[in-house]
Structure formats: structure tokens, C-alpha cells
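S.K.: Would you be able to build a 3D model of this:
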Amino acid sequence: MEGEATSKHSRLDLLMTFGGLVFFLVDIVLDALTVVTFYEEENYVYLGLLLLFLLGSSVLAQVYSWLWYRYENYETVTKVEGCLNSPALTALHVLQAGVYLRYAGIMEVSVCSALTMKQYQNDYTVFFTHDLSLLRFIETFSESAPQLVLMLSIILQRGVMDLLTILKVLGSASAIAYSITMYHRSLRSFLRHKHQQSLVSSLVYFVWNLLLIVSRLVALALFASILPCYIFTHFLCSWIILFFFAWRSKTDLMDSPGGEWLFRATVGLIWYFSWFNVSDGDTRTRSIIYHVYVMLDVVLLCGLSYWQIDCEPTHFEQSTLSVVIICSITVLAYGIGILFKVIYYKCYHPKIGKHELKQSVSEGSPAGEDVVDTAVMISLGEKRDLERSYYSAPSVSPQKRENKRMRMLAENFYS
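M.R.: From the prediction side, this is the model:
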């Protein structure tokens, strides 16, 4: 393994944090424009679906954010958070603005860490980045992925593409790709040494995720555009099955029973679009079973779409030949995505045991350097003391604690 510790929140990380905020704000603007367009066109079905995705995803993200604050006894460190007590934090999340507070907090600590280069500020930046990357990951599959299915369905039904629809498709696809990249970087930060973190490995990781997710979304969009009433039945039946397996996986990410059941329900939603490691054990077998299931489902969706067009032509604007081409490319892309995933795990994935991962996190810094792992945070008992000296330079680094949520997910991914 390479000798570079992964503790510091680099300028690239800071740039990607600001980039994530830009994507977040642009996505909000595109959402608002799309809502207005659907309303002006009197497409109330599309409008209702879009609002359902937007509001449902927002509520889900706010609940997770509030639960994580509650698990930490509403302890805050940044000045932007410190001006709010626990009732105010709760009210802010009810008003669907809690995630914006997290963005403001991470902007504060990121800038301070970059300007002052103080390690304890850097630790807060890392901790906030991990929580935010997980929130964005959840939001991706509760908002961006369903929106992309909706927009692709509209394009397939109409046979034409207007500028706003294209922008929304590109925005949703970019949000998916960006959240996956940030989530992977957060997992990677738990490895003290990143000997295989090359450009090629990152590219292969990105490509197999993109191929698998996009082909899955295209299959769903094609089915939804031809048999729109049945897509909801398909989702509900699939989600129940996936939720059952999430429950059987015995996940242990949250600190409360209600939070854990919410997480398992969310895992079922994510699995509807993409694979997501959530528990230890024989993850290879689970992954193989999942991809076989999704591959068969993609083939089934494409087959039913072709059968419907061939037997009973509808208002669908695409020709039978176009449907055959779309179905063939979709199934082929999923197969190629699986191939790239196998290549990644065979050639680039740094497989290590949990004991090695824990040792990687807990190892001390090299002699003469004040370096700690990126996945640690200040213990709750010392937050208030640190808050008083947040913008000063302490002579001794405070005791630190890791972000256990991302730590568990990293253990599942790398072991």
C-alpha cells in the first residue's frame, strides 16, 4: 500500500464540496422550471409525479439529517449551527431546510480548514462530508433516479426532446454520477493507504456503475412509457421483495429501532435501481443473486414493452424497430456493466479484512507528523470545549472519534 495517509481534506475535496453545492442549487432551479412547465402545459399527471418525487425525497433526507443530529444529542460545533438549539433544529428540518444547514456548516469548516490548515477543523470537515455524501446518495435514488425515469419516459412517448427536458435529464444523470463519485471517495477515505486508487480504477468504477444504473433506468422508462399503469405495480412488488431481503440482512446502521426500519425501507428503494452493500457476510453471493434478478427483470421489462408495441400499437411515438434497438442496447449495456464490475473487483478493488480496516483507521500518524485518519471526529464529550476554541490554535489535538455510519458501510464494501 502506498505511504500517503488519507487524513487531510485536500483542495480537491474542497473543490468537489463546492461542486456538490453548485449541482444541488442548479438541480433546484431545474426542478422549479420543470414544475412550472408541467403546470403551464396542464400535464397534471407528470406534475403530480414530479412533486411526489421532490417532496418525498426531501422529507426522507430531512428525517435522516434530524435523526443523526438527535443521535449526537444535538451537539453542534460550527457557528452557523451553534445559533440554533434542539427545538430550532427540529423546526428547521420540519420546514425542509435541515440539509441546507449541513451545507452551510460544511462550507464554514471547509473554508476554515483550507485557510488555517488546523487538523481539528479538518476532522470536522471530513465528518460533515461523510454525512452529507450519504445524504446525497440517499437523495439520488429517491429523487434523481425516479426523475430520470420520468423524463426518459416523456422523451420516448413524445418522440421529441425539448431543451428543458434535455437539461433535466442531464441534470439528473449528473447528480447520480456525482453522488456515486462522492460516496466512493468517502468510503476510500477509510483506507489509510490507497495503493490502487489510480485514475484507471476510478474510471472503471465509474463506468460499471453508470452502465448498470443507466440501463436499469432506461428499461424502467421504456416500460413506463408503454404501460404506465403497471410501473407502479412493478415498483411496489419489487420493493416489497427487496425490503424483505434488506430486513433479512440484519442491517445495523442507525441508533434507534425506528431509524433502522427506515434505513431498511430506503435500502429496498435503492436496490430497485442499484446494488448497495449494507451488511457484512457473503456479499459476493448476494451481489450475484441481485444482478441475476435485475438482469432478468430488465429482460422482462424490455420484452413486455416490445410485445405490447408489436401486438397492440398505441399512442407511443417510437417504431417497433426503435423499441427493438433500445431493448437490445439496454440489455447489452447491463451485461457490459457487469463485465466492468468483475474487472474492477478482480483488478482494482483493495479487498481487506475488517481487522485490517480497523487497524488502518486506528494506526498512529508517522513520526514527526500530526496526521490522523480522515474518518474520525471529535468525541461528543469534548465538542463544547473545542467549540470555544474553534478559531484558535490549540497546542494539543483533541480526542477524536470516527463516523461509524460510513465506517460500517466501508467495512461492508472493502471486506
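
S.K.: Mind telling me what element residue 24 is part of?
M.R.: Residue 24 belongs to helix 11-40 when elements are defined using DSSP states H and E.

S.K.: Output the contacting helices and strands for that helix.
M.R.: Contacts defined by 3 or more C-beta pairs under 8 Å, 6 or more residues apart in numbering; DSSP states H and E place helix 11-40 against helix 44-71, helix 98-116, helix 119-139, helix 163-188. All C-beta spots, glycine's among them, are computed from the backbone N, C-alpha and C.

S.K.: Give the buried residues for the second one.
M.R.: Put plainly, it is helix 98-116. 98-99, 101-103, 105-110, 112-114 (16 or more other C-beta atoms under 10 Å).

S.K.: repeat for the last one
M.R.: Neighbour-count burial for helix 163-188, with 16+ other C-beta under 10 Å as criterion, is recorded at 165, 167-169, 171-173, 175-188.

S.K.: Same check on stretch 90-97?
M.R.: 90, 92, 93.

S.K.: quick check, residue 253 in a helix?
M.R.: No. Counting by DSSP: H, G, I helix; E, B strand; the rest coil, residue 253 is not found in a helix; it is coil.

S.K.: Can you tell me the number of residues neighbouring residue 201?
M.R.: 17 (other C-beta atoms under 10 Å).

S.K.: Can you tell me the closest non-neighbouring residue to it?
M.R.: Leaving aside its sequence neighbours, residue 201 sits nearest to residue 348 (C-beta to C-beta, 6 or more residues apart in numbering; 3.6 Å).

S.K.: wait, isn't the one you found in contact with residue 200?
M.R.: Yes. Applying C-beta atoms under 8 Å, one finds residue 348 in contact with residue 200, separated by 7.2 Å.

S.K.: wait, isn't residue 74 in contact with residue 86?
M.R.: Yes. Checked against C-beta under 8 Å, the pair residue 74 and residue 86 is within contact range at 4.0 Å.

S.K.: Which one's more surrounded, those two?
M.R.: Of the pair residue 74 and residue 86, residue 74 is the one with more neighbours under other C-beta under 10 Å, namely 16 against 13.

S.K.: Name the SS class of the more buried one, please.
M.R.: At residue 74 the chain is in coil, as set by three-state DSSP.

S.K.: In contact with it, which residues?
M.R.: Counting by C-beta atoms under 8 Å, 6 or more residues apart in numbering, residue 74 touches 85, 86, 89.

S.K.: Ok, residue 336 next?
M.R.: residue 211.

S.K.: did I read that right, it in a helix?
M.R.: Yes. The assignment for residue 336 is a helix, going by three-state DSSP.

S.K.: Which parts of this protein belong to which domain?
M.R.: What the record gives for the chain is the domain set 7-194+351-415, 196-349, from automatic domain parsing.

S.K.: weakest of those domains in terms of mean pLDDT?
M.R.: The minimum mean pLDDT among these belongs to domain 7-194+351-415 (a mean of 72).

S.K.: Leaving out sequence neighbours, find the closest residue to residue 79.
M.R.: For residue 79, the closest residue by C-beta to C-beta, 6+ apart turns out to be residue 108, at 6.5 Å.

S.K.: Isn't the one you found up against residue 82?
M.R.: No. With contacts defined as C-beta under 8 Å, residue 108 does not count as touching residue 82, sitting 10.2 Å away.

S.K.: out of residue 348 and residue 200, which sits in the busier spot?
M.R.: residue 348 (16 against 11).

S.K.: where's the more buried one relative to residue 337, distance?
M.R.: 15 Å (C-beta to C-beta, to the nearest Å).

S.K.: Show me which residues of stretch 272-284 are buried.
M.R.: 272, 273, 274, 275, 276, 277, 278, 279, 283.

S.K.: how about the CA coordinates for that stretch, as PDB?
M.R.: Extracted as PDB, the C-alpha positions of stretch 272-284 are listed here (Å, rounded to 0.1, in the frame of the first residue of the first chain):
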ATOM      1  CA  TYR A 272     -34.700  -1.100  -7.000                       C
ATOM      2  CA  PHE A 273     -32.200   1.000  -9.000                       C
ATOM      3  CA  SER A 274     -28.700  -0.200  -8.000                       C
ATOM      4  CA  TRP A 275     -26.800  -2.600  -5.800                       C
ATOM      5  CA  PHE A 276     -25.700  -1.200  -2.300                       C
ATOM      6  CA  ASN A 277     -23.700  -3.100   0.300                       C
ATOM      7  CA  VAL A 278     -25.400  -2.800   3.600                       C
ATOM      8  CA  SER A 279     -24.200  -5.700   5.800                       C
ATOM      9  CA  ASP A 280     -21.200  -8.000   6.200                       C
ATOM     10  CA  GLY A 281     -21.100 -11.600   5.300                       C
ATOM     11  CA  ASP A 282     -21.100 -13.200   1.900                       C
ATOM     12  CA  THR A 283     -21.600 -10.100  -0.100                       C
ATOM     13  CA  ARG A 284     -20.300 -11.700  -3.300                       C
END
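
S.K.: chain center to it, what's the gap?
M.R.: Stretch 272-284 sits 14 Å away from the centroid of its parent chain (C-alpha atoms, centre = their mean, to the nearest Å).

S.K.: Please, which helix or strand holds residue 90?
M.R.: helix 86-94.

S.K.: which outside residues touch that helix?
M.R.: Under C-beta under 8 Å, 6+ apart, the answer for helix 86-94 is 62, 63, 65, 66, 69, 74, 76, 81, 84, 98, 101.

S.K.: JSON lines for those, including distance to residue 42?
M.R.: Listed next are the contacts of helix 86-94 as JSON lines, based on distance: C-beta to C-beta, whole Å:
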{"residue": "62", "distance to residue 42": "31"}
{"residue": "63", "distance to residue 42": "33"}
{"residue": "65", "distance to residue 42": "35"}
{"residue": "66", "distance to residue 42": "36"}
{"residue": "69", "distance to residue 42": "41"}
{"residue": "74", "distance to residue 42": "45"}
{"residue": "76", "distance to residue 42": "46"}
{"residue": "81", "distance to residue 42": "43"}
{"residue": "84", "distance to residue 42": "41"}
{"residue": "98", "distance to residue 42": "34"}
{"residue": "101", "distance to residue 42": "37"}
